[in-house]
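K.L.:
Got a predicted structure here, sequence first:
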Amino acid sequence: MYQAPLLQNNQANMMNSNPFANKREKARSPGPVMEYQYETLRPKKQYKEIKKVMRPSKKKFLLMKYGFSFDIKNRCVVCGSQHMWEADDPMRPYIPLTEVDKGRPMKGTFCPKHTQLWRQMEMLEQQILADKHGLDFKRFVPKARLPSLNRPKQPVTTLTPNDVAHLTAAGWSVSPPEMDKENGAERFLRLKAEIIGKMEQLERTLNNGE
C-alpha cells in the first residue's frame, strides 16, 4: 500500500543525511517547516536566492529540462509531497505560478514547508518595497503550527468563487440561503463560478469518455 507521508519522511532523511547536498537542495526537499537562511546580506540578492528555491521542479532527460514534474492536484510543485488543504484553512497558500512570482497558474499546490518559505519570500519582497520608500517593516519568522485536537471544527459559512467552481465541477449544486438577499453583483459572481465549474465537469466527462 502506498504511504505518501512515509515516503516523504524517507526522502527528507536521505537529503538531510547527504553530505553532498547543498543548502538549496535541502530547502527544496520535503521536510518540516523551517526558516531559510540566506547566504547573502543584500535583500535583492536574497530575493533571487529564495526565488530559485521556490521554482517548480522540472522533468529532466539527459541535460535537458522540460515540463513540470509535479503539476498535479494536491502535490507540492517544488518537492512533490502530497498535501490536501482544507477550504477554511487560513494557512492555505495561493495558486503556484510557473515563474514563482509570475507566469501561468499551475494545478499543484505548496506543502506546509514551502508555503512558509513562499510567505518568507513574500515578506522579503514587501521589505524591499518598504526600504525603497523609507518605511519600517517587521520581519516575518515562520513557525510550525501545532494542530489543535480538542478544538471542534467550525462549519464553513462563506464560499469564494473558486470554491463554488470546484464544488460545481464535483457535481454539487450551490445556491444562496433563502434568508439572504443576493444582489446583482453577488449573483453574477455565483453564476460565473457555476459556469466555470460546469465547464470543468464537462471537460472531465469528455476526458473520461476517451
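P.N.:
Cool, the structure landed. Numbering: from 1, shown residues only.
K.L.:
okay, CA-based contacts and neighbour counts for the rest of this
P.N.:
Fine.
K.L.:
for the protein, what are the low-confidence residue spans?
P.N.:
Along the chain, segments meeting pLDDT under 70 span 1-20, 137-157, 164, 176-182, 209-210.
K.L.:
hang on, Pro90 in a strand?
P.N.:
No: per DSSP: H, G, I helix; E, B strand; the rest coil, Pro90 lies outside any strand segment and is coil.
K.L.:
Look up how far Leu97 lies from it.
P.N.:
20 Å (Cα to Cα, to the nearest Å).
K.L.:
Neighbour count: those two, which is higher?
P.N.:
More crowded of Pro90 and Leu97, by other Cα atoms under 10 Å: Leu97, with 18 against 8.
K.L.:
what's the closest non-adjacent residue to that one?
P.N.:
By the measure of Cα to Cα, 6 or more residues apart in numbering, the closest residue to Leu97 outside its immediate chain neighbours is Pro105, 4.7 Å from it.
K.L.:
who's in contact with that neighbour?
P.N.:
Ile95, Pro96, Leu97, Thr98 (Cα atoms under 8 Å, 6 or more residues apart in numbering).
K.L.:
By neighbours, which of these wins?
P.N.:
Pro96 (26 neighbours).
K.L.:
That residue and His83, how far apart?
P.N.:
14 Å.
K.L.:
Which parts of this structure are helices?
P.N.:
Listed in chain order, the helices found in the chain under DSSP state H are 4-17, 23-28, 43-53, 112-132, 161-169, 184-209.
K.L.:
wait, which of these is closest to Lys59?
P.N.:
helix 23-28 (15.0 Å; Cα to Cα).
K.L.:
How is this structure partitioned into domains?
P.N.:
Following automatic domain parsing, one finds the domains of the chain at 4-132, 161-209.
K.L.:
any idea how far Thr160 is from Asp88?
P.N.:
10 Å.
K.L.:
In terms of neighbours, single out the busier of those two.
P.N.:
More crowded of Asp88 and Thr160, by other Cα under 10 Å: Asp88, with 14 against 11.
K.L.:
Got phi/psi on that one?
P.N.:
phi -100, psi 10 (degrees, to the nearest 10).
K.L.:
mind checking how far it is from Ala170?
P.N.:
Taking Cα to Cα, one finds Asp88 at 18 Å from Ala170.
K.L.:
again with Arg190
P.N.:
16 Å.
K.L.:
which one of these two has more residues nearby?
P.N.:
Set Arg190 next to Ala170 and count neighbours by other Cα under 10 Å: Arg190 wins out with 22 against 14.
K.L.:
so what's the more buried one closest to, chain neighbours aside?
P.N.:
Nearest residue to Arg190 in three dimensions, chain neighbours excluded: Pro161, at 6.5 Å (Cα to Cα, 6+ apart).
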